[in-house]
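Asks: Let's see this in three dimensions:
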Amino acid sequence: MTVHIEPVTGRYAHIEIDGTPHRIYWEEAGTGIPLVCLHTAGSDGRQYRAVLNDPEITRHFRVMAFDMPRHGKSSPPAGTVDEDYRLTSEDYVIQIMTFCTAMELDRPVVMGCSIGGRIVLYLARRHPEAFRALIGLQSSAHVEPYYDTSWLDRPDVNGSRLCGAMAYGLMSPTSPAEHRDETRWHYMQGGPGVFKGDLWFYKFDGDMRDELAEIDTSAVPIHLLTGEYDYSCTPADSRQLADTLGIGLTVMPGLGHFPMSEDPERFLTHLRPVLDAIRAG
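Replies: Presented below is the predicted three-dimensional model:
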């Protein structure tokens with residue numbers, strides 16, 4: 001029997017985030033420039049499995065994908081399981097900065113998708129000196145609410161199936177079925193109210209439009225990549241962001257809202273040149 005063992009290591013770290021003890025799970029592979037990957041709302045770091053397993057990337061980058069508190073294998077802090085969860089921009093920035101500090105990362109590259117693609121704008125605005133570069137996937141300054149998020153956490157609705165269905169609708173129909181299935185399965189495993197709580201940041205608290213003018217792209221390079229098949233963050237949304245910041249945008253044909261997860265091989269063809277440019281810079 002042939003067994004393939006992936007070169008990915010998963011570990012836990014006991015970290016105080018804003019004074020509260022947390023047990024945070026992360027996976028990593030490779031050596032070199034730190035590349036911290038931020039998952040989407042309601043999911044976890046497994047979305048970056050292809051980046052973690054790509055030898056062309058891990059030859060030069062130490063890829064790290066951590067699960068936010070309440071997501072994946074990172075549990076809620078003690079005594080908070082029954083609390084209503086709402087992610088704010090302040091909480092999100094603190095989580096990322098604390099993880100990078102705890103891991104003693106020297107000016108890492110941070111790549112985030114969806115809510116992660118939004119929070120990199122806050123990192124650029126508030127802590128540009130801390131990062132070598134920032135990569136926004138499916139990144140926009142805001143999104144207009146287009147559905148009632150209360151349906152995601154109701155006792156008379158199967159929240160896990162609903163989360164999976166919403167994720168499914170955001171993926172490109174040309175993405176391989178096996179990867180679309182795995183992507184929505186991750187969503188169906190999320191804790192109650194977690195997806196809804198993340199969307200509080202994405203749809204309300206994280207509106208970045210008034211702060212875009214304060215971002216200095218000469219202080220930290222920002223790279224934007226957006227899949228063409230996405231009604232949550234359309235190419236037009238990312239184009240408006242790119243034009244406002246005065247930077248370029250790569251539109252990825254045939255990809256949807258979860259490019260790194262729904263069609264990993266196609267996504268990597270767009271990511272590798274960006275990482276090469278960052279490394280060369």
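Asks: Could I get the phi/psi values of the closest residue to Cys100 other than its chain neighbours?
Replies: Spatial nearest neighbour of Cys100, excluding adjacent residues (C-beta to C-beta, 6 or more residues apart in numbering): Pro108 at 5.8 Å. In short, each C-beta sits where N, CA and C put it, glycine included. As for Pro108, its main-chain torsions (degrees, to the nearest 10) stand at phi -70, psi 160.
Asks: Next, count neighbours for Pro108.
Replies: Residues lying near Pro108 (other C-beta atoms under 10 Å) number 22.
Asks: tell me the contacts of it?
Replies: 33-36, 64, 100, 131-132 (C-beta atoms under 8 Å, 6 or more residues apart in numbering).
Asks: And it, how close does it get to Phe267?
Replies: From Pro108 across to Phe267, the span is 20 Å (C-beta to C-beta, to the nearest Å).
Asks: what do you get for Pro34?
Replies: For Pro34, the distance to Phe267 - C-beta to C-beta - is 20 Å.
Asks: Between those two, point out the one with more neighbours.
Replies: Taking other C-beta under 10 Å, Pro34 and Phe267 do not tie; Phe267 has more neighbours (25 against 22).
Asks: Could you list the residues in contact with the least confident helix or strand in the chain by mean pLDDT?
Replies: For the chain, scoring each helix and strand by mean pLDDT, DSSP states H and E identifies helix 159-169 as the least confident one, at a mean of 91. Residues outside helix 159-169 that contact it (C-beta under 8 Å, 6+ apart): 42-43, 147, 151-153, 180, 183-185, 187-190, 192-193, 195, 231, 257-258.
Asks: Which ChimeraX command selects the buried ones in those residues?
Replies: Remark: buried members of the contacts of helix 159-169, expressed as a ChimeraX selection using 16 or more other C-beta atoms under 10 Å:
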select :42,43,152,153,180,183,184,187,188,189,190,192,193,195,257,258
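Asks: Narrow the contacts of helix 159-169 to those in helices?
Replies: Cross-referencing the contacts of helix 159-169 against helices under DSSP state H gives 180, 183-185, 187-188, 195.
Asks: Tell me the one of these nearest Arg118?
Replies: Proximity of those to Arg118 (C-beta to C-beta) peaks at Phe195, which lies at 15.3 Å.
Asks: Kindly state the pLDDT recorded for that closest one?
Replies: The model reports Phe195 with a pLDDT of 94.
Asks: Before I go, just wanted to say thanks for your time.
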